[in-house]
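K.L.:
sequence and predicted structure below; questions after.
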Amino acid sequence: MRLGVIGVGHLATSLLKGLLRAGHAPEGIRLSPRGHGPELAAEHGFALAADNPALVADCDMVLLAVRPADAVDAVRGLPWRADHILVSACAGVTIARLAEGAGPAQIVRIMPITASELGASPTTVFPMRPELRPLLGALGTPIALESEDQFEAATVSAAIYGWAQALIRTGAEWGARNGLDPAVARQLMARTFVASGRMQGEQDAPMDEILASLCTPGGITEAGLRSLERAGMPEAWDEACDLVLARLRGTG
Ligand SMILES: NC(=O)c1ccc[n+]([C@@H]2O[C@H](COP(=O)([O-])OP(=O)(O)OC[C@H]3O[C@@H](n4cnc5c(N)ncnc54)[C@H](OP(=O)(O)O)[C@@H]3O)[C@@H](O)[C@H]2O)c1
């Protein structure tokens, strides 16, 4: 599969770093000449297309990572063929809207996160296709959804990725205010979140059971959880997720 990228901005740069990290050859990947395309081509040896029509004509799979408002215009008028796979990472832009511009191409939506550059992105995808495995496997763990509706709901986790980092920062700043070296506090918080995710993600026991095993009655974890509940958890979290989903569906 010859891969091309239209929209070489912040997200695409992370994805390209992830592909390099996984051993993909840069000269086999064509970048559009806007955004960071020229500098990434010069620095890493990616091929640079003359323009978007030339890129589409030369590739079998095209990753679209322009801003959502630019997505349909960016694909319109390009020489799409029925054997093209258009892989859109544009949040909230439906397959039907992309099809208005990309006509006969087969359209897939993915939602990677910038941890792609570490090979650690849980990348949601709909519909899954076998041709995507080398791309998504290089970025982390593919998570196939069964409908576009499910995909939209799963896309909320791309925002949660940012909220988790805000919580890590809050915890690190609290640690520093309470006498920890700031670098130690940052590592401690970040690694604690990684550990929590791994315990819930890599064990088969029910989630409640894993959590209950941490909450000794009268202990510090339980006391802190009750304090968070009095302050609005988990309702505040659910409300933020509802808000993001409404934005993605264009209803909020
Ligand atoms: N940022 C993230 O962490 C993240 C995570 C998941 C999904 N996404 C999705 O990824 C997409 C891109 O986000 P971003 O943060 O990477 O935005 P960004 O940094 O603004 O990058 C968008 C790039 O698209 C280029 N572009 C716009 N129209 C183009 C066209 N017709 N042909 C070629 N290039 C064009 C822009 O070039 P110019 O600078 O020349 O305008 C810019 O370099 C969004 O749809 C977003 O929903 C982002």
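P.N.:
Sure thing, it's come through.
K.L.:
out of everything not next to it in sequence, what's closest to whatever residue of the chain ends up closest to the ligand?
P.N.:
Going by CB to the nearest ligand atom, the ligand is nearest to residue 9 of the chain, at 1.7 Å. In this view, the C-beta of every residue, glycine as well, is placed from N, C-alpha and C. Leaving aside its chain neighbours, residue 9 sits nearest to residue 35 (4.9 Å; criterion: CB to CB, 6 or more residues apart in numbering).
K.L.:
swap in residue 57?
P.N.:
residue 79 (5.2 Å).
K.L.:
thought residue 94 was touching residue 151?
P.N.:
No: here residue 94 lies out of contact with residue 151, judged by CB atoms under 8 Å, at a distance of 9.6 Å.
K.L.:
give me the number of residues near the residue of the chain closest to the ligand?
P.N.:
15 (other CB atoms under 10 Å).
K.L.:
could you report the pLDDT at it?
P.N.:
For residue 9, the model assigns a pLDDT of 98.
K.L.:
check the one 4 residues further on too.
P.N.:
Taken from the predicted model, the pLDDT recorded for residue 13 is 98.
K.L.:
in the helix or strand hosting it, what counts as buried?
P.N.:
Residue 13 belongs to helix 10-21 when assigned by DSSP states H and E. Using 16 or more other CB atoms under 10 Å as the burial criterion, the residues of helix 10-21 that qualify are 11-20.
K.L.:
which other residues reach the following helix or strand past it?
P.N.:
Scanning forward in sequence from helix 10-21 by DSSP H and E, the next helix or strand is strand 29-31. For strand 29-31, contacts defined as CB atoms under 8 Å, 6 or more residues apart in numbering pick out 2-5, 8, 16, 19, 37, 40-41, 46-49, 55, 58-59.
K.L.:
at 10 Å what do you get?
P.N.:
2-8, 12, 15-16, 19-20, 37-41, 44-49, 54-56, 58-59, 62-63 (CB atoms under 10 Å, 6 or more residues apart in numbering).
K.L.:
does the ligand have contacts with that strand?
P.N.:
No: judged by CB under 6 Å from any ligand atom, strand 29-31 and the ligand are separated, with a smallest distance of 9.3 Å.
K.L.:
go through the contacts of strand 29-31 and flag which are in helices.
P.N.:
Residues of the contacts of strand 29-31 located in helices (DSSP state H): 12, 15-16, 19-20, 37-41, 44, 54-56, 58.
K.L.:
and the residues you listed near the ligand, which?
P.N.:
Of those, the ones that also sit near the ligand (CB under 6 Å from any ligand atom) are residue 12.
K.L.:
list just the nearest of the ones in helices among the contacts of strand 29-31 to residue 69.
P.N.:
Minimum distance to residue 69 across these is 16.6 Å, recorded for residue 12 (CB to CB).
K.L.:
ok, that closest one - contacts?
P.N.:
So residue 12 contacts 5-6, 31-32, 35-37, 40, 63-66, 89, 112, 116 (CB under 10 Å, 6+ apart).
K.L.:
ok, it to residue 158 distance?
P.N.:
From residue 12 across to residue 158, the span is 15 Å (CB to CB, to the nearest Å).
K.L.:
how about residue 234?
P.N.:
19 Å.
K.L.:
which one's more surrounded, those two?
P.N.:
residue 158 (21 against 10).
K.L.:
quick one, grab the pLDDT at that one.
P.N.:
98.
K.L.:
which residues touch the residue nearest to it when sequence neighbours are not counted?
P.N.:
The spatial neighbour of residue 158 that comes closest, neighbours along the chain excluded (CB to CB, 6+ apart), is residue 111 at 5.2 Å. When contacts are counted by CB under 10 Å, 6+ apart, residue 111 is found next to 11, 88-91, 121-126, 143, 145, 151-152, 154-158, 161, 248.
K.L.:
in helices, which of those residues appear?
P.N.:
Counting by DSSP H, the contacts of residue 111 place 11, 151-152, 154-158, 161, 248 in helices.
K.L.:
kindly report the residues of the stretch 151-252 of the chain close to the ligand.
P.N.:
residue 158.
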